[in-house]
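>>> Please find the sequence and the predicted model below.
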Amino acid sequence: MQCPTCQAEVSRESHFCEHCGADLSAAAANPAAPAARSGLFRDDDGVWRWTYELSLCRNPTIFITLGKVILLAALFPVLVTGAVTLFESGLPEALRVMGIVLGYVLGIMLVLMILAYLAVALIHGGKYCVVFEMDDEGVKHIQMQKQFGKNRLLAMLTVIAGAAAGNPQAAGAGLLAGSKRSSYSKFSKVKSIVLNPRRHVIYVNEVLNRNQIYAPADCYEIIQQHILTHCPKAEVVRR
């Protein structure tokens, strides 16, 4: 079966084109109609589905997330160096050395990450395109095949940044990001939910898994309410 929008080969069971995000169910119902690129609908199997295009230039959500990852990764060599110096030379010297190491590590990682983010934004045409599927059990964040391939550049540069800064945790996180195409959150395991309608994002957090759910403005409330209803024990933070 061919996608009516980009002409790529797709599975007949697919609801969205994994290459361009076109709504294949709408195209199948009316082949003459143009395929939708966004919008929320509930299919016959009871699953909510929608696509989202995030502007990498106007919406800083992904950049802020990367910044948090970098900061946490940078703390590892700082704490190790500080502990060794504290044992050998005392607290004042340990604080001085920790400040120097933190500046060095953050400097390298931030420069490489900013360059990587700009490169990825340029390659993607300034947009991050994803597909979401949500039922009563959980929600899945799926990168389109074309998007996934390009995002490996950012993951690769994360690995380089971690290696250059002597930080194996950052390098490992980059390798994991480069191999992960989808992220699934099971509602029964969700511990906290952060709502940020201004950025069109809902953070669904488990103990060891954090998922970012992007929702178009016109259906943000519907998606938000579904998630809150099925996660009654989760802590909710509104921003």
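Looks like it came in fine.
>>> Please pull up the helix or strand immediately following the helix-or-strand element of the chain with minimal mean pLDDT.
Each helix and strand of the chain was given a mean pLDDT (mean pLDDT, DSSP states H and E); the minimum falls on helix 168-179 at a mean of 42. Downstream of helix 168-179, the next assigned helix or strand under DSSP states H and E is strand 182-186.
>>> Contacts for that next one, please.
137, 138, 139, 140, 141, 142, 143, 204, 206, 209, 211, 213 (Cβ atoms under 8 Å, 6 or more residues apart in numbering). For glycine as for every other residue, the C-beta is placed from the backbone atoms N, C-alpha and C.
>>> Can you tell me which of those residues are buried?
Those of the contacts of strand 182-186 that meet the buried threshold are 138, 139, 140, 141, 142, 143, 204, 206, 211, 213, by 16 or more other Cβ atoms under 10 Å.
>>> For the residues you listed, give me JSON lines that also has pLDDT.
As requested, the buried ones among the contacts of strand 182-186 are arranged in JSON lines below (pLDDT from 0 to 100):
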{"residue": "138", "pLDDT": "96"}
{"residue": "139", "pLDDT": "95"}
{"residue": "140", "pLDDT": "92"}
{"residue": "141", "pLDDT": "88"}
{"residue": "142", "pLDDT": "82"}
{"residue": "143", "pLDDT": "76"}
{"residue": "204", "pLDDT": "96"}
{"residue": "206", "pLDDT": "94"}
{"residue": "211", "pLDDT": "91"}
{"residue": "213", "pLDDT": "94"}
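>>> Max pairwise distance over the contacts of strand 182-186: which two?
Pairwise distances across those peak at 20.8 Å for 137 and 143 (criterion: Cβ to Cβ).
>>> now the chain, which segments are flagged as low pLDDT?
Counting by pLDDT under 70, the chain shows low-confidence ranges at 1-2, 4-39, 120, 123-124, 144-181.
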